[in-house]
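Chemist: I would like the atomic coordinates for the input below:
(one chain, ligands or ions: 1)
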Amino acid sequence: MKREDYITWDQYFMGIALLSAERSKDNNTQVGACIVDKNNKILSVGYNGMPTGCNDDEMPWDREGEFLDTKYAFVCHAELNAILNYNGPSLDGATLYVTLFPCNECAKAIIQKGIKEVVYVSDKYADSPATIASKKMLDMAGVNVRRFEPKGQELIIDL
Ligand SMILES: [Zn+2]
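Modeler: Predicted coordinates for the structure are as follows:
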């Protein structure tokens, strides 16, 4: 008899996105992403952070204030990092697992790279213009979007 309580593909890939988010240095928002091909092979991962070479300790992490004093001018989102971290030939037809619904800027990159499905956990900024614009573009471009359905199955990883 085979083992029955193994995790599903969805749980596996979202689990990797959730684990990736734990690498984030952002005190307020930790986001992780995992890109997978049609054959359930992982192509790339990412989390929100400063661009390579930009010192985490010198860059601002604030949300308020002048634009240049906030993280918004600098942080690279998890989805974009996962896309940019990919070194292979194509993301065409891939699925993106992400812990927070993608913003409009990430949606552009998702669409332009041919990613065909987005699976997300949280949609806490659903009312923001960035998310509304994102949904409009993803919908028009025919990207399938679905919410990850947690099964209440907790897994403790002793690190
Ligand atoms: Zn984004």
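Chemist: use CA for all of it now, contacts and neighbours both
Modeler: Noted.
Chemist: so where's the chain uncertain?
Modeler: Within the chain, no stretch has pLDDT under 70.
Chemist: what does it have sitting close to the ion?
Modeler: 77, 103, 106 (C-alpha under 5 Å from the ion).
Chemist: for residue 150, see how far away the first one is.
Modeler: Residue 77 sits 23 Å away from residue 150 when distances are taken as C-alpha to C-alpha, to the nearest Å.
Chemist: now the helices for this structure?
Modeler: Ranges of helices in the chain, per DSSP state H, are 9-21, 78-85, 104-112, 129-140.
Chemist: looking at these, which one is packed in the most?
Modeler: Most buried of these, by mean neighbour count (mean count of other C-alpha atoms under 10 Å): helix 78-85, with a mean of 22.
Chemist: got the angle for that one vs helix 104-112?
Modeler: Angle, helix 78-85 to helix 104-112, by axes from the mean of the first three to the mean of the last three C-alpha atoms, to 10 degrees: 40 degrees.
Chemist: ends of stretch 144-159, what's the gap?
Modeler: Start-to-end span of stretch 144-159 (C-alpha to C-alpha) is 34 Å.
Chemist: buried residues in it?
Modeler: 145, 147, 148 (16 or more other C-alpha atoms under 10 Å).
Chemist: and the second one, what does it touch?
Modeler: What that stands for is residue 147. Listed by C-alpha atoms under 8 Å, 6 or more residues apart in numbering, the contact set of residue 147 reads 119, 120, 121, 122.
Chemist: now it: how far from residue 27?
Modeler: Distance of residue 147 to residue 27, computed by C-alpha to C-alpha: 25 Å.
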